[in-house]
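Colleague: need a 3D model of the sequence below.
(one chain, ligands or ions: 2)
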Amino acid sequence: MSASPAQDQERWPGLEIIARGANRLCGRDPAHPGACLKFELPSGQRTPVGLRQRLRRWLGRRFPALGDNRTELRAWRGLRERLGAQLDGRIAASHGIVATVWGPALHCDCVCLADGTPAPSLYRLLFEEPRYPAEPLCAAVDAFEAWLLAHDVPLFDLNAGNLVVVPAGAGQPGGGLRLVCVDAKSVVTDKEIVPLSRWSRRLRRRKIARRAQRLRQRILNALSGPPSLR
Ligand SMILES: Nc1ncnc2c1ncn2[C@@H]1O[C@H](COP(=O)(O)OP(=O)(O)OP(=O)(O)O)[C@@H](O)[C@H]1O
Ligand SMILES: [Mg+2]
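Modeller: Ligands and ions are numbered 1, 2, ... in the order given. A predicted model of the protein is given here:
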């Protein structure tokens, strides 16, 4: 069950909330405008999920190392070790777990627009505040998929809430827009019981291509045609 803004203000007084995902709440770090803080939600406020995900959440509550924040931190550090600065502008940096007045949080770079406001998630641009047509968003998915494949990054959870959208720099591919991943957990977590795509590069590439295609289809369904047919 999600909480109301009033309940959020009671639990996180004074925090400027950016957005909620299924598992965490993200707010701006008051001490560092370019950073954000992610808090793991109590179990009653997370969105309902299947059995394997419930088991993962249960483990995360008992063993903090398996919680969402430490999982994302582990995923980002592993990628950073292998890819270094090539991650810049593609996957938001995670810096560590910090103690805050609201409790422990993951300290990350906040992906922002030129005016300093947090970049909108693709989810928001599809279902809450459409701002761009489908074509440049699909082109941005093409470019992100090409980057994942070029660097063999096993980021499989290409859901619209895990990607934020920023204007691409001049001369960059992506139809004028660029996607930045703000949730790298899926690099180290598996939804399958036998994670074949972890072991085979060919299967990994096929899975990324499938997920990117599904995301493009989702964009087209959400933004193309008259609202009644979407
Ligand atoms: N580094 C960031 N910069 C800007 N916005 C962010 C950042 N991290 C998260 N957000 C915002 O917070 C939202 C939720 O973040 P995130 O995907 O990390 O939560 P989650 O609950 O772990 O996700 P999931 O539902 O995939 O488990 C994102 O959709 C995005 O709007
Ligand atoms: Mg997410």
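
Colleague: from residue 67, how far out is residue 190?
Modeller: 17 Å (Cβ to Cβ, to the nearest Å). The way it works is simple: take the backbone N, C-alpha and C, and place the C-beta from them, glycine included.

Colleague: which parts of the chain are helices?
Modeller: Listed in chain order, the helices of the chain (DSSP state H) span 5-11, 51-62, 68-83, 122-127, 134-150, 196-199, 201-223.

Colleague: tell me what the third one is packed against?
Modeller: Applying 3 or more Cβ pairs under 8 Å, 6 or more residues apart in numbering; DSSP states H and E, one finds that helix 68-83 makes contact with strand 35-40, strand 94-100, strand 103-109.

Colleague: winner for burial among those strands?
Modeller: Comparing the helices and strands packed on helix 68-83 by mean neighbour count (mean count of other Cβ atoms under 10 Å), strand 35-40 comes out on top with a mean of 23.

Colleague: report whether that one contacts ligand 2.
Modeller: No. Figure legend: strand 35-40 not in contact with ligand 2 (Cβ under 5 Å from the ion); closest approach 9.5 Å.

Colleague: and for that strand, what's in contact with it?
Modeller: By Cβ atoms under 8 Å, 6 or more residues apart in numbering, the residues outside strand 35-40 that reach it are 12, 15, 18, 23-29, 60, 67-69, 72, 95, 98, 100, 102-110, 118.

Colleague: go again using 7 Å as the cut-off
Modeller: Around strand 35-40, the neighbours that count as contacts under Cβ atoms under 7 Å, 6 or more residues apart in numbering are 18, 23-29, 67-69, 100, 102-103, 105-110.

Colleague: who has more neighbours out of residue 190 and residue 67?
Modeller: Using other Cβ atoms under 10 Å as the criterion, residue 190 and residue 67 rank with residue 67 on top: 22 against 15.

Colleague: ok, the closest residue in space to that one that isn't next to it in sequence - contacts?
Modeller: Nearest residue to residue 67, sequence neighbours excluded (Cβ to Cβ, 6 or more residues apart in numbering): residue 60, at 3.9 Å. For residue 60, the contact set (Cβ under 7 Å, 6+ apart) comprises 66-68.

Colleague: over to residue 179?
Modeller: 122, 140-141, 144, 163, 165.

Colleague: repeat that with 10 Å
Modeller: If you count contacts by Cβ atoms under 10 Å, 6 or more residues apart in numbering, residue 179 has them with 89-90, 111, 119, 122, 137, 140-145, 147, 158, 160, 162-166, 168, 215.

Colleague: quick revisit: out of the helices of the chain, which gets nearest to ligand 2?
Modeller: With respect to ligand 2, and counting by Cβ to the ion, the nearest of those is helix 68-83 at 8.5 Å.

Colleague: could I get the buried residue list for the lowest-mean-pLDDT helix or strand in the chain?
Modeller: When each helix and strand of the chain is scored by mean pLDDT, DSSP states H and E, helix 196-199 comes last, with a mean of 78. For helix 196-199, a neighbour-count test (16 or more other Cβ atoms under 10 Å) marks residue 197 as buried.

Colleague: center of the protein - which residue?
Modeller: residue 162 (2.3 Å; Cα atoms, centre = their mean).

Colleague: distance of that residue from ligand 2?
Modeller: According to Cβ to the ion, to the nearest Å, residue 162 and ligand 2 sit 4 Å apart.

Colleague: what's the separation between that residue and residue 4?
Modeller: 24 Å.

Colleague: and the residue of this structure that's closest to ligand 2?
Modeller: Closest contact between the chain and ligand 2, by Cβ to the ion, is at residue 183 (3.4 Å).
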